[in-house]
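*Asks:* the sequence and its predicted three-dimensional model are supplied below.
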Amino acid sequence: MPNTGPDTAQPIALIAAFNRDGDILLLKRPDDAHCGGLWSFPGGKVEGDETALESAERELKEETGLNGEGWLHLGDTTHTYQDRRLNFELFACLCPDISGLGCESEYAWVKRNALDDFPMPQANALLVPMLLLPEMDEYWGYEQP
């Protein structure tokens, strides 16, 4: 496991997975997990020699059963919780076929303008503005009120 001391942040890949209607998939974190009971983007730790994108592709498949296409790196942020420091890389992808969706936790497909209605860990909430940029409308071809 990489050094996650006070000066080193654990790399985490997160995915804003869009369906054909332009909704984003959120997963509810288990109550006994870090930030339990809150909503989050699918994702997890970057492992070994993986790139953040490779981790995002793997985590999406593991956590949801979905495959993404048209991957786009939106940005990153580092956040320090009381017990850990994490560096989040946010990716967006389109999941045109959601018939294989299989999540172990509660999930919701959410319009971008409704993301604030779902309580998220602080670090995830810092990434939401990246999803609200006008460029996202152009990239996916979705205009949401």
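*Replies:* In hand now; what should we look at?

*Asks:* quick one: the helices in the protein?
*Replies:* 52-64, 122-131, 134-140 (DSSP state H).

*Asks:* just put those in JSON lines and tack on mean pLDDT.
*Replies:* Below are these laid out as JSON lines (pLDDT from 0 to 100):
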{"stretch": "helix 52-64", "mean pLDDT": "97"}
{"stretch": "helix 122-131", "mean pLDDT": "86"}
{"stretch": "helix 134-140", "mean pLDDT": "73"}
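
*Asks:* for the ones you listed, which one ends up most surrounded?
*Replies:* Neighbour counts (mean count of other CB atoms under 10 Å) averaged over each of these peak at helix 52-64, with a mean of 20. All C-beta spots, glycine's among them, are computed from the backbone N, C-alpha and C.

*Asks:* that helix - contacts with which helices or strands?
*Replies:* Here helix 52-64 touches strand 10-18, strand 24-28, strand 43-45, strand 69-80, strand 85-94, going by 3 or more CB pairs under 8 Å, 6 or more residues apart in numbering; DSSP states H and E.
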